[in-house]
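**Q** next come a sequence and a model predicted from it.
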Amino acid sequence: MIAAAYQPFFAPFPGFFAKAILADVLVLLDSVQFPQRTGWLTRNRFKCEQGELWLTIPVRRTGRGLQRIHEVRIVREGNWPRKHLASFKECYGRAPFFADYLPPLEGLFSPLPERLLDLTLPILRHLAAHLGCRARIVLLSELGIETKEPALSVEICRKLGATAFLAQRPAGKFLSHALFAEAGVQLLTFAYHPEIYPQLYAPFIQNLSALDLLFCCGPKAPGVLRGWVREPTALLEP
């Protein structure tokens with residue numbers, strides 16, 4: 001069994017799902033610390049006629065100190081959910097498959113969930129289901145693991161009974177070969193090389209949210225994504 005891990009980003013880029021294509025289990029690191037600065041957990045890039053469009057999910061930070069990702073609450077006041085949906089429709093209304101994949105997303109914004117994870121997780125599952133991902137998605141909080149890196153990835157493999165751990169090639173240098181070898185777990189890495197696909201509007205923008213790929217390519221999206229992923233190979237100790 002091959003395990004992999006990622007933080008639960010908001011509507012992440014297609015490369016996020018490359019791991020879910022190659023691995024058997026993808027563990028979402030929902031019980032690690034929520035970063036103090038704004039990042040991919042609460043925002044992502046989409047595309048409109050004018051170019052990039054950033055959409056951000058507002059969350060509560062003031063007075064809450066250090067939070068774990070699954071503890072973070074959404075700011076439910078205001079009309080930002082309506083504006084986000086309006087932005088989706090304005091940007092992608094002419095995309096060939098927009099109408100096929102939007103309805104499940106619309107339901108997530110009304111009524112708006114309490115927690116950030118309750119918004120991002122269904123979007124992740126929606127994307128994974130339509131991008132040909134084979135991995136079973138598991139939350140770290142469900143595994144009862146409190147260990148931090150560099151041992152966290154090893155403990156995930158032990159808990160799941162995984163024989164291999166998968167990482168994108170550039171991340172391989174940050175993993176402890178000794179800890180994985182001691183646990184009898186093989187380290188695997190893979191390469192990801194995105195290419196141009198038929199987007200709305202020119203010029204092409206790389207690494208937008210995977211929703212862009214899905215809205216534009218529809219049923220062909222899994223094949224497009226699979227063509228960008230190279231089969232994993234064993235990571236040799238430096």
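**A** Right, received. Where do you want to start? A quick note: this is a predicted structure, and the numbers were derived from the prediction, not measured.
**Q** which residue ranges form the helices in this structure?
**A** 14-22, 80-92, 98-101, 103-106, 117-130, 140-143, 152-160, 177-183, 210-217, 221-227 (DSSP state H).
**Q** closest to residue 34 out of the ones you listed?
**A** helix 117-130 (10.2 Å; C-beta to C-beta). (Each C-beta comes from the backbone N, C-alpha and C, glycine too.)
**Q** for the closest one, give the mean pLDDT please.
**A** For helix 117-130, mean pLDDT is 95.
**Q** quick one: buried residues of that helix?
**A** With burial defined by 16 or more other C-beta atoms under 10 Å, the residues of helix 117-130 counted as buried are 117, 119, 120, 121, 123, 124, 126, 127, 128, 130.
**Q** same question for stretch 161-178.
**A** 162, 164, 165, 166, 167, 168, 172, 175.
**Q** the fourth one and residue 217, how far apart?
**A** Between residue 166 and residue 217 the distance is 25 Å, computed by C-beta to C-beta, to the nearest Å.
**Q** contacts for the helix or strand of the chain with the lowest mean pLDDT?
**A** Using mean pLDDT, DSSP states H and E, strand 233-234 stands out as the lowest-scoring helix or strand of the chain, at a mean of 80. Strand 233-234 is contacted from outside by 186, 187, 188, 189, 190, using C-beta atoms under 8 Å, 6 or more residues apart in numbering.
**Q** and what of stretch 68-76?
**A** 7-8, 29-34, 41, 57-60, 112-117, 119, 139, 141.
**Q** show the buried residues in these.
**A** For these, buried by 16+ other C-beta under 10 Å: 7-8, 29-32, 34, 41, 57-59, 113, 115-117, 119, 139, 141.
**Q** give me every residue that touches the residue of the chain most remote from its centre.
**A** The centre of the chain is farthest from one residue, residue 182, which by C-alpha atoms, centre = their mean lies 29.4 Å away. With contact set as C-beta under 8 Å, 6+ apart, residue 182 has no partners.
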